[in-house]
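Visitor: Make a model of this:
(chains A and B)
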Amino acid sequence: MEMLSLKSEILTVRPSLETGRVRTFVGRYTSQIALAPSVAIASIFVYGFMLWTAYISFSASGMLPDYHWVGLRQYYNLWSNPIWVQSAKNIVVFTFLYILLTTVVGLFLAILLDQKIRAEGALRLIYLYPMALSFVVTGTAWKWILNPGLGMERVLRNWGWEDFRFDWLVNPRFALYTVVLAGVWQASGFVMALFLAGLRGIDEDLIKAARLDGAGGPSIYRRIIIPLLGPTFVTVAVVLVQQALRTFDLVVALTNGGPANSTQVPATFMYKQTFERSQLGVGAASAVMIFMTILAIVVPYLYTSTRKASDEHA
Amino acid sequence: MTKNWQGYMVRALLAATVFSYAATASVAEEKKLEVLHFFTAGSEAAAIGVIKDAFTAKGYGWVDLPATGTDTLNQVLRSRVTAGSPPNAVLMHSNEVKQWVDQGALVDLSPIATKGNWDEVMSKGLIPHLKLNGSYYGVPTTVERTNWLWYNKKVFDKLGLQPPTTLDEFHAVADKLKAAGVIPLAIGGVNWQEATLFETVLVAVGGPDFYRKAIVEQNEEALKSETMIKVFDEFRNMNKYVDPNYPGRDWNIAAKMVMTGEAGMQVLGDYVKGEMVLANLKPNVDYGCAPPPGNAQTYLSVSTAFVFFKSKDASVEAAQDALAETTFDSTVQLGFNLKKGATPARTDVDSAALDFCAQASYKAQVDAASHGQAFPAISHFEAWSPAKSGIFMDVVSTFFEQPSMTSKAAVDQLVTGLKTISE
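Guide: Okay, the predicted model is just below:
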């Protein structure tokens, strides 16, 4: 019974909404009202906790948050940890190789697929498929493939190539490159799709004109098509950079940071310090370092792209 | 029709809410405890069931909060403590108890400890972790020996080998295994497994007194002494006996290598036996257990204990006391450890029911305690805090997996690393 009266109340409110001042207010600010909850949630749970993490990195926090200010001590501890230094070096090498190789492989595949070949759809699907897998699956599969006693090395030896050696996964000097290899395998198909879209967007007339001027295949690509793909390169780079810098699951599944901590990256380091070792302060300091790095790359990009946009409007 | 349906829904929801309030109310009446633990694997879950059954038989309620590992458990625990509603009972490694005592978060168990004479009957190695500032704050469920040598008995018999008792004998045995085409030592390149091997080498090279000084007392002079460099040198020799594919291998895979005879020996804790039992292998027929070379008199332990968080609800305290008493009861200790494959954390239990290796482990614990050689293991976060153990394991693991690293560099890295941790 109570419910029914409540319902009739709602029904009586509605007509007044449609006629009164409330309606004009709602009408004018519909988008703001609709966005308000998500803005509020994002500002607390994303930006609020970002600030909180930054504060923790200057505090004495160990196992639990402890708000005593200790200045840069956690950053000092962070940079005097040889594994953090190794992680920082690794992420530079990894990001560089990952972006370079993924772009080269992706572009090459896109150009090959762009030759108006038969069964293009099926081939495209095959190349895109790795992207549908999670990094954990990729990491585990490659862990088995690359393990010398289990995968490729053993198979080739059993086939009779007795002195075949491919032990990068267990060799501290080369293990990082196996992470690059698995990452490139995963992302190349996606990059190929981006480039393919870019290639399809190029005006055919330009290419025809170049042909008339006597340019051959390779030089058309080198001089005309690839320069025209400029915006696609930027997109690819931005997508891959942020993917590379927060690499975590791939490393955990493939090498778990080993052998000899040669494949630790900042994200795995941060997780370990914060959750396994009760070093919340050091963990937060490393998180801030990762954030700063991403900021250093993304801010110039945002700056140039927004300026370009406002230039176009002007 | 629709209207009616909505009405039912509303009534059902209301009813559900009322019932759930009633349920919370009856929690207080029945004195239920929320128990957060990480014993989820087959044998472990069966073991925790022994405590649970004994506790609920006394008329208390048990709300099970299993976490899939200590990492998850710590995440849950920290966020609930920060939110001001910690679980009533939490299982943790004994050496983690101190950090919560320092926070003033735990219930003092001294009255029960005095009643149960814990000072006399508890395994000596555990008391420093659980009795802090003169009061008991944790009740142990189990104690396990980490320094064991497991070997494939059939392979050893075929080659006429005996488990080595000194490092020299170890080298001789390992060389013979290698010559026979068997991997001498099964290990996984995972930091705590390497640290387990390392601590046995440390005892073998430096002796128990050095272990006490360097590890238990964390004496910096000992940690950077010539002896420590010798320990690393000897640890480097172990590289020769390991197959090249060990990085990242799980410990149970390494145990399987010993079971199948692909490898001859493995140095790891009591829990390896759980794998042997699962595979229906018999002690002294299929596999053997012996102290690692140079470790005969020394017992390195890892243990877990229940602690009880202070609650605003005073009625919970009686239930917490009851759970503490139940956990340390001799019958429950024996039942729990039969399932877990480990040994009871008290010294007055009739060990006849335990299997061969567990009996040997139980006896070694009592003997080692009597001549002051029962120590907490550093490999299992038992001797040092998680932060310091982490530094130690990073150095040991990096050293073992990076053949170009010198013993001196490892010692330097260990000493400077420990200085960054302020506790």
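Visitor: If we ignore the residues flanking it in sequence, what's nearest B:Val97?
Guide: B:Gly138 (4.4 Å; CB to CB, 6 or more residues apart in numbering or on different chains). Placement of C-beta: from N, CA and C, glycine included.
Visitor: What residues are bridge-paired with that neighbour?
Guide: Beta-bridge partners for B:Gly138, by DSSP bridges, are B:Val307.
Visitor: I'd like to know how far B:Glu144 sits from B:Glu44.
Guide: Distance, B:Glu144 to B:Glu44, by CB to CB, to the nearest Å: 12 Å.
Visitor: what's around the residue nearest to B:Val97, how many residues?
Guide: 30 (other CB atoms under 10 Å in any protein chain shown).
Visitor: Tell me who's in contact with it.
Guide: B:92, B:94, B:97, B:106, B:109, B:129-130, B:305-307 (CB atoms under 8 Å, 6 or more residues apart in numbering or on different chains).
Visitor: how about a cut-off of 10 Å?
Guide: Listed by CB atoms under 10 Å, 6 or more residues apart in numbering or on different chains, the contact set of B:Gly138 reads B:90-94, B:96-98, B:100-101, B:106, B:109, B:126, B:129-132, B:303-308, B:324, B:327.
Visitor: buried subset of those?
Guide: B:90-94, B:96-98, B:100-101, B:106, B:109, B:126, B:129-132, B:303-308, B:324, B:327 (16 or more other CB atoms under 10 Å in any protein chain shown).
Visitor: Compute the number of surrounding residues for A:Asp249.
Guide: Count around A:Asp249 with other CB under 10 Å applied: 16.
Visitor: got a pLDDT number for the nearest residue to it once chain neighbours are set aside?
Guide: Counting by CB to CB, 6+ apart, A:Asp249 lies nearest to A:Phe135, which is 4.1 Å off, once chain neighbours are set aside. pLDDT, A:Phe135: 88.
Visitor: neighbours of A:Phe135, just the number please.
Guide: By other CB under 10 Å, the residues close to A:Phe135 number 20.
Visitor: correct me, but it touches A:Val251?
Guide: Yes: between A:Phe135 and A:Val251 a contact is recorded at 8.8 Å, counting by CB atoms under 10 Å.
Visitor: can you list residues touching both of the two?
Guide: A:182-183.
Visitor: Report the central residue of the chain.
Guide: Because you didn't say which chain, this covers chain A. Nearest to the mean C-alpha position of chain A, counting by CA atoms, centre = their mean, stands A:Gln243 at 1.7 Å.
Visitor: try chain B instead
Guide: Chain B, centroid-nearest residue using CA atoms, centre = their mean: B:Val302 at 3.9 Å.
Visitor: Which SSE is immediately downstream of the helix or strand hosting that one?
Guide: Secondary structure assigned from DSSP states H and E places B:Val302 in strand B:299-308. Counting by DSSP H and E, the element after strand B:299-308 in chain order, helix or strand, is helix B:316-328.
Visitor: can you state the direction angle for that following helix and strand B:299-308?
Guide: 160 degrees (axes from the mean of the first three to the mean of the last three CA atoms, to 10 degrees).
Visitor: neighbours around the residue lying closest to A:Leu156 once chain neighbours are set aside, how many?
Guide: Spatial nearest neighbour of A:Leu156, excluding adjacent residues (CB to CB, 6+ apart): A:Phe164 at 4.4 Å. A:Phe164: 15 surrounding residues under other CB under 10 Å.
Visitor: Now do the contacts for A:Phe164.
Guide: By CB under 10 Å, 6+ apart, the contact set of A:Phe164 is A:148, A:152-158.
Visitor: Selection in PyMOL covering whichever of the residues you listed are buried, please.
Guide: To isolate the buried ones among the contacts of A:Phe164 in PyMOL, judged by 16+ other CB under 10 Å, type:
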select buried, chain A and resi 148+153
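Visitor: Let's have the contacts of A:Phe164 in a markdown table, adding secondary structure.
Guide: As requested, those are exported to a markdown table (DSSP: H, G, I helix; E, B strand; the rest coil):
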| residue | secondary structure |
| --- | --- |
| A:Pro148 | coil |
| A:Met152 | helix |
| A:Glu153 | helix |
| A:Arg154 | helix |
| A:Val155 | helix |
| A:Leu156 | helix |
| A:Arg157 | helix |
| A:Asn158 | helix |
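Visitor: got a list of what residue 235 touches?
Guide: Looking at chain A here, since you left the chain open. A:191, A:194-195, A:197-198, A:229.
Visitor: Can you look at chain B instead?
Guide: B:Phe235 is in contact with B:194, B:197-202, B:205, B:396, B:399-400, B:407, B:410, counting by CB under 10 Å, 6+ apart.
Visitor: B:Lys282 too?
Guide: Contact analysis of B:Lys282 by CB under 10 Å, 6+ apart lists B:153, B:276, B:355-356.
Visitor: got it, and A:Met152?
Guide: Contacts of A:Met152 (CB under 10 Å, 6+ apart): A:144-146, A:164, A:166, A:169.
Visitor: Could you give the number of residues near the closest residue to chain A within the stretch 251-400 of chain B?
Guide: In the stretch 251-400 of chain B, no residue comes nearer to chain A than B:Gly390, which is 4.1 Å away by CB to the nearest CB. When neighbours are defined as other CB under 10 Å, B:Gly390 has 23 of them.
Visitor: got a list of what the closest residue to it other than its chain neighbours touches?
Guide: Nearest non-adjacent residue to B:Gly390, counting by CB to CB, 6+ apart: A:Arg277, 4.1 Å away. Contacts for A:Arg277 (CB under 10 Å, 6+ apart) come out as A:62-63, A:271, A:283, B:381, B:385-391, B:393-394, B:421.
Visitor: Specify which member of these is nearest to B:Ala263.
Guide: Nearest to B:Ala263, judged by CB to CB, of these is B:Met393 at 22.6 Å.
Visitor: So that closest one belongs to a strand, correct?
Guide: No: going by three-state DSSP, the assignment for B:Met393 is helix, not a strand.
Visitor: ok, it touching B:Ala377?
Guide: No: using CB under 10 Å, B:Met393 is not in contact with B:Ala377; the gap is 11.8 Å.
Visitor: Those two: who's more crowded?
Guide: B:Ala377 (28 against 23).
Visitor: Quick check: pLDDT value at the more buried one.
Guide: 92.
Visitor: just B:Phe392 next, same as before
Guide: 94.
Visitor: The one 3 residues further on too?
Guide: Each residue has a pLDDT score; the one for B:Val395 is 94.
Visitor: which residues sit in contact with the closest residue to it other than its chain neighbours?
Guide: Nearest residue to B:Val395, sequence neighbours excluded (CB to CB, 6+ apart): B:Leu414, at 4.7 Å. Contact partners of B:Leu414, counting by CB under 10 Å, 6+ apart, are B:223-224, B:228, B:232, B:388, B:391-392, B:394-396, B:399.
Visitor: I'd like these as JSON lines, with neighbour count appended.
Guide: Compiled in JSON lines, these are given as follows (neighbours: other CB atoms under 10 Å in any protein chain shown):
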{"residue": "B:Leu223", "neighbour count": "18"}
{"residue": "B:Lys224", "neighbour count": "17"}
{"residue": "B:Met228", "neighbour count": "23"}
{"residue": "B:Phe232", "neighbour count": "24"}
{"residue": "B:Lys388", "neighbour count": "20"}
{"residue": "B:Ile391", "neighbour count": "25"}
{"residue": "B:Phe392", "neighbour count": "24"}
{"residue": "B:Asp394", "neighbour count": "24"}
{"residue": "B:Val395", "neighbour count": "28"}
{"residue": "B:Val396", "neighbour count": "26"}
{"residue": "B:Phe399", "neighbour count": "24"}
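Visitor: Greatest separation within these: which pair is it?
Guide: Maximum distance among those (CB to CB): 17.9 Å, for B:Phe232 and B:Lys388.
Visitor: Count residues in the vicinity of the residue lying closest to B:Pro293 once chain neighbours are set aside, would you?
Guide: Residue nearest to B:Pro293 in three dimensions, not counting chain neighbours: B:Phe170, with 4.3 Å by CB to CB, 6+ apart. If you count neighbours by other CB under 10 Å, B:Phe170 ends up with 26.
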